[in-house]
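please work out how this folds:
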Amino acid sequence: MLGHVTGTLLDSTGAAVAGAHVKLTHEDQSASQEAVSGNDGQFSFSDVAPGTFQLTVTAQGFSTQVSSGILHPGEFCVVPQIQLAIATAVTEVHVGPLTTVELAEEQIRIEEKQRVFGVIPNFYVTYIPDAAPLTPKQKFKLAWKSTVDPVTFGLTGAVAGVQQAQNDFSGYGQGAAGYGRRFGAAYGNEVSSTFIGGAILPSLLKQDPRYFYKGSGSVRSRVLYAMANAVICKGDNGHWQPNYSGILGDLAAGGISNAYYPAKNRDDAALTFENMLIGIGTTAAVNIIQEFIIPRFTPNLPNHQANQP
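Take a look at the predicted model:
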């Protein structure tokens, strides 16, 4: 005769466990039956064949529980209360090396904290000798970060003020309108130079727009290194090569500026090339300052003490 099996599921506090799945199987692996516990934690099986049976209980958040018993013919069997234990949480953490892109992103975050005196942005210098190459997206991100920095606007405003006081680019006139034109021209120079020489051309030519701080060796070797970096740069392949991005960027920015400077102040081709050479010299001088002076006044550098000249 067939019998009946019933029972109750509780948690460790004695509260009923509802919605648990209970599977009844026989020792001889004959057809199994399944049930779900109710709000009172109870479950039941009817028309169960007599013999040894096994109950397997699974519930979300609890460990699987197995219980067994023997059903006699025609018996109404009430199994002892089954207490479910809280499942032990297992968290797998896979630790592996960062990809080149992820490593570059981490290094950019460091560079974005580099400010001379804690204020003036110094984003285009890396103090990590083997810094990961930047993707085109990262090069544009760095250019954008530099051009929209509040300090960039402040310095541009100061330059425009000096130009107005000296009546540079007199074709712009004076007053608020004249100042606005000078500010727009100065900011246009900054944006075009930064994006062309720091993002567009480096992306196309696969070159790194940053200055790689040397920080070691004799004074002479570091001066020569800084000067050379005005005309050479590190490629995305890690090899040194002519700095086409920076040189052509200066030329392009100078050509674009002719579109918005007063006609009498626009440069002809000869003067544009002359300004390019002056720009190379200025870059060399700035690199020397980067090598020997700026690290002393820039907090948040990686391995700050080790990088001190």
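
in the stretch 201-309 of the chain, where is pLDDT below threshold?
Applying pLDDT under 70 to the stretch 201-309 of the chain flags residues 266-272, 274-275, 302-309.

and the helices in the stretch 201-309 of the chain, which stretches?
Taking DSSP state H, counting those that start in this stretch, the helices of the stretch 201-309 of the chain run over residues 201-205, 219-228, 244-257, 269-292.

I'd like those as a markdown table, with mean neighbour count and distance to residue 88 appended.
All C-beta atoms are positioned from the backbone trio N, CA, C, and that covers glycine. A markdown table is the format used below for the helices of the stretch 201-309 of the chain (neighbours: other C-beta atoms under 10 Å; distance: least, C-beta to C-beta, whole Å):
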| stretch | mean neighbour count | distance to residue 88 |
| --- | --- | --- |
| helix 201-205 | 20 | 50 |
| helix 219-228 | 15 | 57 |
| helix 244-257 | 20 | 56 |
| helix 269-292 | 15 | 55 |
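
contact partners for the residue lying closest to residue 231 once chain neighbours are set aside?
Closest residue to residue 231 apart from its sequence neighbours, by C-beta to C-beta, 6 or more residues apart in numbering: residue 243 at 5.5 Å. Taking C-beta atoms under 8 Å, 6 or more residues apart in numbering as the criterion, residue 243 is in contact with 207, 229-233.

list only buried entries from those.
207, 229-230, 232-233 (16 or more other C-beta atoms under 10 Å).

so residue 5 is in which element?
Element membership of residue 5, judged by DSSP states H and E, is strand 3-10.

each with direction, which strands does the helix or strand following that strand pair with?
Downstream of strand 3-10, the first helix or strand assigned by DSSP H and E is strand 21-26. Applying DSSP bridges, strand 21-26 is found paired with strand 33-36 (antiparallel), strand 51-58 (antiparallel).

chain center to stretch 99-116, what's the gap?
Centroid displacement of stretch 99-116 relative to its chain, using C-alpha atoms, centre = their mean, to the nearest Å, is 8 Å.

can I get the CA coordinates of that stretch in PDB?
Output of stretch 99-116 as PDB, limited to C-alpha atoms (Å, rounded to 0.1, in the frame of the first residue of the first chain):
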ATOM      1  CA  THR A  99      46.000  45.000 -19.900                       C
ATOM      2  CA  THR A 100      48.100  47.700 -21.500                       C
ATOM      3  CA  VAL A 101      45.000  49.900 -21.900                       C
ATOM      4  CA  GLU A 102      44.100  49.400 -18.200                       C
ATOM      5  CA  LEU A 103      47.600  50.200 -17.100                       C
ATOM      6  CA  ALA A 104      47.700  53.300 -19.200                       C
ATOM      7  CA  GLU A 105      44.400  54.400 -17.700                       C
ATOM      8  CA  GLU A 106      45.800  54.000 -14.200                       C
ATOM      9  CA  GLN A 107      48.900  56.100 -15.200                       C
ATOM     10  CA  ILE A 108      46.700  58.800 -16.700                       C
ATOM     11  CA  ARG A 109      44.900  59.200 -13.400                       C
ATOM     12  CA  ILE A 110      48.200  59.800 -11.700                       C
ATOM     13  CA  GLU A 111      49.200  62.300 -14.300                       C
ATOM     14  CA  GLU A 112      45.900  64.200 -13.900                       C
ATOM     15  CA  LYS A 113      46.900  64.800 -10.300                       C
ATOM     16  CA  GLN A 114      50.200  66.400 -11.200                       C
ATOM     17  CA  ARG A 115      50.000  70.100 -10.600                       C
ATOM     18  CA  VAL A 116      52.900  72.500 -10.000                       C
END
